[in-house]
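S.K.: Sequence first, predicted model second:
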Amino acid sequence: MKWFKKDKKKDTSPRSEAVTRGLLIFADTSTVMHAEQILKEENYDIRVVSPPPQYRTGCDLSIEFPMVEASVITKMLKKIGLGPIDVLPVSGDGLKPLRLYKTKDFGQYLMVRAANMKITVDKTTKKIVNISGGGCPDVPYLAWEMVGKALSEAPEPSMIGFSLCAYSLGMAQDEMVRLIGGE
C-alpha cells in the first residue's frame, strides 16, 4: 500500500481571509471631503476611492481605511456630525473599491482622470494642455486658471474652485505630479 501525501488545499472561504481594510460610505460627497480632511489631520492611513457600484448614487466617493480603526474612526466622525451611513469590510473575493484614477498615455501627453475630471499634461514641458469633464459650474474657470501653466505653477483646484469637480481635479493633479513630477 502506497502512502500519498495529501496536498493541503488553501482555505479560500470568506472566513479565511483577514480583512484589513474597510470602506466608509457617506450620504454625500461634501461629507467625504470634510471627513477626509479630518482623518488626514489625525494621521490615519486613508484614501478616497470610488465605492462599489451597489453603493453609488451619482458622483459618490468613499474612504478606505484600516479596519482595525473602525470603531475609533466612526465614533470620532459621529461625534462631530460626519458619521458614515455604512462601514463595509473590503475583501479579496468580494467587496472592493474601484480605482479612482485612470491614466491614458498619448505619447507626448499624459491624461489622468479622477472621478469625472481629467487633466492632460505635456510630459516634456509638464504644462497643462487640457482640463475637461465634470459638469460643475466652476469647471470653465478651473480650466481658464490652469491650462497653459506648468504643474508646479498651476493653482490647486480646491483653492480656486468650490465643487466636487474642483476636488476631483485636485486629486487628478496630485496623481499627475506623483506620476511625472511637478518641476
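M.R.: Noted; the coordinates are in hand. Model, not experiment: these values are computed from the prediction. Numbering: from 1, shown residues only.

S.K.: Confirm for me that residue 130 is in contact with residue 119.
M.R.: Yes: Residue 130 lies in contact with residue 119 (Cβ atoms under 8 Å); the separation is 7.4 Å. All C-beta spots, glycine's among them, are computed from the backbone N, C-alpha and C.

S.K.: which neighbours do these two share?
M.R.: residue 111 (Cβ atoms under 8 Å, 6 or more residues apart in numbering).

S.K.: ok, those two, which is more surrounded?
M.R.: Shown here are residue 130 and residue 119; by other Cβ atoms under 10 Å, residue 119 has more neighbours (31 against 15).

S.K.: which phi and psi does that one have?
M.R.: Dihedral angles of residue 119 (phi, psi; degrees, to the nearest 10) stand at phi -130, psi 130.

S.K.: from the middle of its chain, how far away would stretch 62-74 be?
M.R.: 15 Å (Cα atoms, centre = their mean, to the nearest Å).

S.K.: I misspoke; the intended subject was stretch 20-31.
M.R.: Taking mean C-alpha positions (Cα atoms, centre = their mean), stretch 20-31 and its chain are 11 Å apart.

S.K.: Ends of that stretch, what's the gap?
M.R.: Taking Cα to Cα, to the nearest Å, the first and last residues of stretch 20-31 lie 24 Å apart.

S.K.: before we move on, which element is residue 84 in?
M.R.: For residue 84, there is no host helix or strand (DSSP states H and E).

S.K.: which one is it nearest to, not counting chain neighbours?
M.R.: residue 24 (4.1 Å; Cβ to Cβ, 6 or more residues apart in numbering).

S.K.: Now do the contacts for that neighbour.
M.R.: 35, 62, 63, 65, 73, 74, 77, 84, 86, 87.

S.K.: Just confirm it is within a helix.
M.R.: No: Residue 24: not assigned to a helix; according to DSSP: H, G, I helix; E, B strand; the rest coil it is strand.

S.K.: Can you tell me how far it is from residue 158?
M.R.: Distance, residue 24 to residue 158, using Cβ to Cβ, to the nearest Å: 20 Å.

S.K.: Can you pull the domain assignment for the protein?
M.R.: Domain assignment for the chain by automatic domain parsing gives 21-90, 101-180.

S.K.: ok, of those, where does mean pLDDT dip lowest?
M.R.: Among the domains of the chain, domain 21-90 carries the lowest mean pLDDT, a mean of 88.
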